[in-house]
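Colleague: Got a predicted structure plus its sequence, pasted below:
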Amino acid sequence: MPDLLAIKLRPTKLSEVIGQKHLIGENKVLSNLIKNKKLFSMILYGNPGIGKTSIANAIVSELDVRYRMLNAVINNKKDFDTVVEEAKLYQGMVLIMDEIHRLNKDKQDLLLPYLENGLITLIGMTTSNPYHSINPAIRSRCQIFELHELESEDIKEAINRVIKSNYLENLTIDKDAINFLVEQSNHDLRYTYNLIEVAYYASNDHHLTLDLLHSIGGKGNIFIDKNGDGYYNTISAFQKSIRGSDVHASLYYLALLIEAGDIDIICRRLSVIVYEDIGLANPSMGPKVDAAINCALRLGLPEARIPLAEVVIELALSPKSNSAESAIDRVLHDIHTKNTGSVPKHIINHSPDYKYPHDYPNDYVKQQYLPNEIKGAKYYIPKNNKNEKILKEIMERLSKL
């Protein structure tokens, strides 16, 4: 069985790597390491298909050093032992390790002393933020390089390389098909190579058209790794778009989360948004969101998208207020930073001095409820929206009674 196109096109020099101009090129850090024939342990992180493996392979190829490739999940402790023994035999070894964020404690304990003494030079690769996901003991022994998403022009350059390479004989691609490949890629070059290869062998004349590509991969390449940054960035963007009243962006990020099949996180996030961002500006939205969540969970996908879309539209276009959140945070701040005193004696349990409001006109009687130390504190500050204007008027009227 022949190698995949992505493997055939894998760079053997850093200068052949697509994109990553912040790391590769004249006077850039990785290029200078190669120029000075010096290598340190490092971690390459970023989304799939943007060049982590390509860079690792190009580095060891250009430096012409002994290396082994392992996967932190697939390879067992015995495989790691073998690498250590080879490193001892040859007085050094480069270990390229995929999914390094999944490295368990036994393997870490095995590698650490050899990273420390330089016998093993590690090139780790991960889609997860290493500052959150990788053991600090490993992380502190490595330089960390973040890879950037590939631009549309990078993907186009790669497609042109495929055509010129002649690995796929007589390959031709229509201009609109190239644009479609770029759109579908979602910055993932490996996905692009794979789609081209499938389309090539699925055609009669090795000519790639828009219709052919539509028939093979019309859905696109959506990357939401639930263990990686992309997932949490999408959730964050979802809430921020609603908070920012951008209904179109709100629906877009909702759709991404629906494509990921994660109704639970959508429902949890909506439950937060309705009280954190809409709040007292439109309190009727709380029950509406709860009803939409119950409906979505009862229906399941794909029908769940309808009540979820409806409530997201209304949340995005609703007036916003964080006054309740700000109020409780002010109180918590005082509790954490001040002596806030004790409950006043006249409102402790069974106090004979307590004035029962229902015994007074308008069910209101003026008495102190806050402790003496903070009796003048003002925590709730109404915002200037229709509903909170009413609450503000009630507060002012009560203060005058």
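Modeller: Here it is on my side, so go on.
Colleague: where does this structure have low pLDDT?
Modeller: By pLDDT under 70, the low-scoring segments of the chain are 1-3, 217-231.
Colleague: how about the strands of it, start to end?
Modeller: Applying DSSP state E to the chain gives strands spanning 42-45, 67-71, 93-98, 120-126, 143-146, 172-173, 207-208.
Colleague: got the buried residues for the fifth one?
Modeller: By neighbour count, with 16 or more other C-beta atoms under 10 Å as the criterion, the buried positions of strand 143-146 are residue 145. C-beta coordinates here come from the backbone N, C-alpha and C atoms, glycine included.
Colleague: Relative to that strand, what are the paired strands and their orientations?
Modeller: strand 42-45 (parallel) (DSSP bridges).
Colleague: Looking at the strands of the chain, spot the one closest to residue 377.
Modeller: strand 143-146 (45.1 Å; C-beta to C-beta).
Colleague: now for the strands of the chain, which one comes closest to residue 320?
Modeller: Taking C-beta to C-beta, strand 143-146 is the member of these nearest to residue 320, at 33.2 Å.
Colleague: List the contacts of that closest one.
Modeller: 23, 29, 30, 40, 41, 42, 43, 44, 45, 46, 130, 131 (C-beta atoms under 8 Å, 6 or more residues apart in numbering).
Colleague: Which of these ranks first by neighbour count?
Modeller: residue 44 (28 neighbours; other C-beta atoms under 10 Å).
Colleague: Tell me which residues touch that one, please.
Modeller: Neighbouring residues of residue 44 by C-beta under 8 Å, 6+ apart: 52, 55, 56, 123, 124, 125, 126, 145, 147.
Colleague: And for residue 69?
Modeller: Residue 69 is in contact with 95, 96, 97, 98, counting by C-beta under 8 Å, 6+ apart.
Colleague: Quick check: bridge partners of it?
Modeller: residue 96.
Colleague: That one and residue 78: what is the separation?
Modeller: 16 Å (C-beta to C-beta, to the nearest Å).
Colleague: now swap in residue 67 and tell me
Modeller: Distance of residue 67 to residue 78, computed by C-beta to C-beta: 19 Å.
Colleague: Neighbour count: the two, which is higher?
Modeller: For residue 67 versus residue 78, neighbours defined as other C-beta under 10 Å are more numerous around residue 67 (18 against 7).
Colleague: That one and residue 97 touch, don't they?
Modeller: No - checked against C-beta atoms under 8 Å, the pair residue 67 and residue 97 is beyond contact range at 10.6 Å.
Colleague: how about stretch 51-70: buried residues?
Modeller: 51-62, 67-70.
Colleague: before we move on, the earlier item: how about the strands of the chain in JSON lines, adding distance to residue 347?
Modeller: Listed next are these as JSON lines, based on distance: least, C-beta to C-beta, whole Å:
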{"stretch": "strand 42-45", "distance to residue 347": "56"}
{"stretch": "strand 67-71", "distance to residue 347": "64"}
{"stretch": "strand 93-98", "distance to residue 347": "63"}
{"stretch": "strand 120-126", "distance to residue 347": "56"}
{"stretch": "strand 143-146", "distance to residue 347": "56"}
{"stretch": "strand 172-173", "distance to residue 347": "78"}
{"stretch": "strand 207-208", "distance to residue 347": "78"}
